[in-house]
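Novice: Sequence and computational prediction follow.
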Amino acid sequence: MSATPADAPSTNEPRIVLITGGSRGIGLACAERFKALGDHVAVTYNSSPPPEGFFGVKCDVTDTEEVDAAFSAVEAEFGGPVEILVSNAGVTRDTLLLRMSEDDFATVLDANLTASYRVTKRAARGMLKARKGRIVLMSSVVGLLGAPGQANYAASKAGLVGLARSLARELGSRGITVNVVAPGPVATDMTAALGEDRLADIVAAVPLERAATPDEIAGAVAFLASSDAAYITGAVIPVDGGLGMGH
C-alpha cells in the first residue's frame, strides 16, 4: 500500500494556492508559508496589495463577478486551476445586539460566510475536474464560544463549520478535503483594534496566557493542505491556546 495517497497534493511540484485577504495578518502569514514550500501563491486584497513576490489580485469577495475574475486571473497567471484555497478574508462590526443595525449584521455575514460560499464554489469547478483539492476556511474560536458584542461575527464564523462539513461530504468522493481552522486571539491589526484592556482580558482567559502569532495559524493551514492531512476532512482545528477546549 502506498504511503502517499494518489489524490494527495504533490510535495515535489509547485501547487497553485489562492488565499483571500492575503495581504496582511493571518492571510499574509499563510502566503509566506506556502511560498516557502515552493508553491505558486496568489492572494486577493481590497486596499493594500501584498508584498513583492506574490501574485496579487484586487477582489471584493462580496462580489461574485469579481471573485470569478480573480480566479480567472490566477488560472491565466499560473496555467492551471487553484489546487489549494484558503478562504481567509473577513470583517468585523462589533456592537451590542440592541445597537446592531441590520446592515451591521448582513455586511459581516456576507463578507465572512457568503463570501466563503462564493470562493469555494468557484474553486470547486477546477478541483472537481482534477479530482483533488484542498479547501481551508478560516473561522474563529468566537464562532464556537460566542462573545458579547460579536453576534454577527460569531454567527458568520459558526456558519463556516456547517458549510465546511456539508462540502466535505459533497466533495469528498472527488478527493477534495474541506476543513476549518479556528484561531483564538492572534497578534494582528484586527485584534489590536480591540484595545489593550479588552485584549488583555481575552488573553487572560487563554490557558497558554498569550496570543498566537499569525505564523502559528499558518502552520495549521499548511498542514491541512499537505499530504499528511489527506485523510482529514470536515474537521475543525482549534489553534487557540486552549481557550475553546471542549467545543
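Specialist: Received the coordinates, thanks.

Novice: switch to C-alpha atoms for all contacts and neighbour counts from now on
Specialist: Noted.

Novice: any idea how far the helix or strand of the chain with the lowest mean pLDDT is from the chain center?
Specialist: Least confident helix or strand, the chain: helix 189-192 with a mean of 70, by mean pLDDT, DSSP states H and E. For helix 189-192, the gap between its own C-alpha mean and the chain's C-alpha mean amounts to 17 Å (Cα atoms, centre = their mean, to the nearest Å).

Novice: What of stretch 179-193?
Specialist: Offset of stretch 179-193 from its chain centre (Cα atoms, centre = their mean): 11 Å.

Novice: Check which residues of that stretch are buried.
Specialist: Neighbour counts over stretch 179-193 (16 or more other Cα atoms under 10 Å) mark 179, 180, 181, 182, 183, 184, 185, 186, 187 as buried.

Novice: Which secondary structure elements does the longest helix seen in the chain sit against?
Specialist: Counting by DSSP state H, the longest helix found in the chain is helix 151-171. For helix 151-171, the packing partners by 3 or more Cα pairs under 8 Å, 6 or more residues apart in numbering; DSSP states H and E come out as helix 102-109, helix 115-130, strand 133-138, helix 142-145, strand 176-183.

Novice: wait, which of these is closest to residue 39?
Specialist: With distances scored as Cα to Cα, the stretch of these nearest to residue 39 is strand 133-138 (13.6 Å).

Novice: hmm, back to that, state the mean pLDDT of the longest helix of the chain.
Specialist: Average pLDDT, helix 151-171: 98.

Novice: Not counting sequence-adjacent ones, nearest residue to residue 56?
Specialist: residue 43 (5.0 Å; Cα to Cα, 6 or more residues apart in numbering).

Novice: What strands line up against the helix or strand containing the one you found, and which way round?
Specialist: Using DSSP states H and E, residue 43 sits in strand 40-45. Strands that pair with strand 40-45, judged by DSSP bridges, come out as strand 16-19 (parallel), strand 55-58 (parallel).

Novice: Just tell me which of those strands ends up closest to residue 115.
Specialist: Smallest distance to residue 115 across the strands paired with strand 40-45 (Cα to Cα): 12.7 Å, for strand 16-19.

Novice: any idea which helix or strand comes after the closest one?
Specialist: Note on strand 16-19: by DSSP H and E, the next helix or strand toward the C-terminus is helix 25-36.

Novice: So which other helices or strands are in contact with that following helix?
Specialist: Helix 25-36 is packed against strand 16-19, strand 40-45, helix 214-224, with contacts defined by 3+ Cα pairs under 8 Å, 6+ apart.
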